[in-house]
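1. here is my input; please provide its structure:
(one chain, ligands or ions: 2)
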Amino acid sequence: MASLSLIDLGWNDFFAKHFEPYHAQGWKPARLIRDNKISYGALLEDGAKGFDEFEVILSGKVYHDAETDADLPAVGDWVALEVGGEDGDNIIRARLPRQTCFSRKASGFSAEEQVIAANVNAVIVVTDAGPDFSLRRMERYFTLIARSGAKAVVLVNKADLYPDSQNQEAADSIRALNAEADVHVTSVKKRKGLKVLKDYFKRGQSVAIIGSSGVGKSALVNLLLGEDWQWVDEVNEITGKGRHTTTARELLVLDKGGIIIDNPGIKEVQMWTNETTLRERFADIDELARQCKYGDCKHGSDAGCAIRGAVEAGTLDAERYEGYLKLEEEIAKLRKQRKKRQMTVERRNKRDHKIKARNRVDREDIERDLKPRA
Ligand SMILES: Nc1nc2c(ncn2[C@@H]2O[C@H](COP(=O)(O)OP(=O)(O)OP(=O)(O)O)[C@@H](O)[C@H]2O)c(=O)[nH]1
Ligand SMILES: [Zn+2]
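-> Ligands and ions are numbered 1, 2, ... in the order given. Model (predicted):
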């Protein structure tokens, strides 16, 4: 990594300008590449070695100044770091303003925003012209991306499986949804149509890749990373400034330029979008349900069911009615999947944390109030 510079990592005039006041303090710019809840992984300059990953912690001030969770540093953020501060810790003294912010509103009743990744330049949605194709779901993705400020890019992938006309038609209807989006027909498998990716994976440009399971995201990432990719299994080497982490990075700098952001939050987007899209498809029937005679109507043989009434009157399609009855079941299934993923993530975080907490006192302090002793 010796050849990396701040610019390769996404640094630009905007961040430089906002960093100026911190420069005088002797603090260093660093980019967060992993969120371990209690600590973060950050890339920062490491003397002769160029850039390397270090464990960093939040200062009490940054923690307390955050009015909402969304204000807290997230993967992709640039921060001002005090290197080797108190007890030798690397301490985040400030988070620089964000140029873009890819986030979602947390599920449930909370309107709280959950930041998935900061300073993402482009979000690539991978889909296909076959079973994955859904304009409604695409609309959801577009809403998220538009709010983030990142460029929306869609790959209609697996083009090798469908007739050209079908791929083009899918691409055109996606373009019709969003004139701002770049829509490309690709085949990762046959390496077709991928040259366009050069426009997004430029030096210092951060890209997130989202989309349903099985559309080819991993295949694409593997292709971009190339065969001789070496970052992921580094040794657990102890240096004077902090410890290296051993798990996969969530922010990957490509040899050819460009940065892939791939973290658990990004996988969550897909689940969340699926659920929302599913619900949305039946919004009209939800509306009807309010007119059912009984509040706990199961919309089966219940008396005074407005939904069944509509089916009988011919104003509601019987198939959609059945789909609606299965909706809750399907959502429960989605939630179960999500929960499983969440548990994997939590387990990983716990393990990371165990490895990395410097000693028991630190760990107890941090766990008690999520606030480092700085
Ligand atoms: N025919 C065809 N198959 C493809 C193409 N791209 C990917 N695949 C295949 O589709 C399957 C799923 O691809 P993945 O890359 O694992 O899908 P993913 O989006 O990462 O899925 P998750 O990890 O579950 O989110 C694999 O067998 C790929 O080889 C393509 O362009 N054409
Ligand atoms: Zn009913």
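2. helix or strand for Leu9, which one?
-> When secondary structure is defined using DSSP states H and E, no element contains Leu9, which sits outside every helix and strand.
3. ramachandran coordinates for it?
-> For Leu9, the backbone dihedrals are phi -90, psi 0 (criterion: degrees, to the nearest 10).
4. which residue packs closest to it, ignoring adjacent ones?
-> If the residues on either side of it in the chain are set aside, Leu9 comes closest to Arg31, at 5.1 Å by CB to CB, 6 or more residues apart in numbering. All C-beta atoms are positioned from the backbone trio N, CA, C, and that covers glycine.
5. packing partners of whatever helix or strand that neighbour lives in?
-> Secondary-structure assignment from DSSP H and E places Arg31 in strand 28-35. Secondary-structure packing of strand 28-35 (3 or more CB pairs under 8 Å, 6 or more residues apart in numbering; DSSP states H and E): helix 13-23, strand 40-45, strand 51-58, strand 78-82, strand 251-253.
6. of these, which is nearest ligand 1?
-> Taking CB to the nearest ligand atom as the measure, those were each checked against ligand 1, and strand 251-253 came out nearest at 14.8 Å.
7. pull up the pairing partners for the following helix or strand past the closest one, direction included.
-> Following strand 251-253 in sequence order, the next helix or strand is strand 259-261 (DSSP H and E). Sheet pairing for strand 259-261, assigned by DSSP bridges, gives strand 206-211 (parallel), strand 251-253 (antiparallel).
8. report the mean per-residue pLDDT for the next helix or strand after strand 259-261.
-> Counting by DSSP H and E, the next helix or strand C-terminal to strand 259-261 is helix 264-281. Taken as a whole, helix 264-281 carries a mean pLDDT of 76.
9. list the contacts of helix 264-281.
-> The set of residues external to helix 264-281 that reach it, using CB atoms under 8 Å, 6 or more residues apart in numbering, is 75, 104, 107, 114-117, 134, 136-137, 140-141, 144, 208-213, 250, 286, 323, 327, 330-331, 334-335, 337-338, 341, 345.
10. among those residues, which are in strands?
-> When the contacts of helix 264-281 are checked against strands using DSSP state E, the ones located there are Arg104, Gln114, Val115, Ile116, Ala117, Ala208, Ile209, Ile210, Gly211.
11. pull the most distant pair out of those.
-> Greatest spacing in these, by CB to CB: Val115 and Gly211 (19.9 Å).
12. could you dump the strand or helix carrying Ala310 to PDB, C-alpha only?
-> Element membership of Ala310 [criterion: DSSP H and E] is helix 306-312. The C-alpha atoms that make up helix 306-312 are tabulated as PDB, following Å, rounded to 0.1, in the frame of the first residue of the first chain:
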ATOM      1  CA  ALA A 306     -64.000  -5.300   2.700                       C
ATOM      2  CA  ILE A 307     -61.200  -7.000   0.800                       C
ATOM      3  CA  ARG A 308     -63.100 -10.100   0.000                       C
ATOM      4  CA  GLY A 309     -66.000  -7.900  -0.800                       C
ATOM      5  CA  ALA A 310     -63.900  -6.200  -3.400                       C
ATOM      6  CA  VAL A 311     -62.900  -9.500  -4.900                       C
ATOM      7  CA  GLU A 312     -66.500 -10.600  -5.100                       C
END
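13. ok, and what's touching it?
-> Residues lying outside helix 306-312 but in contact with it, judged by CB under 8 Å, 6+ apart, are 285, 288-293, 297, 299-302, 316-318, 321, 324.
14. same thing with stretch 318-337?
-> Counting contacts by CB under 8 Å, 6+ apart, the residues touching stretch 318-337 from outside are 271, 274-275, 278-279, 281-282, 285, 299-300, 307-308, 310-311.
15. of those residues - the most surrounded one?
-> Ranked by the number of neighbours (other CB atoms under 10 Å), these place Ile307 first, at 23 neighbours.
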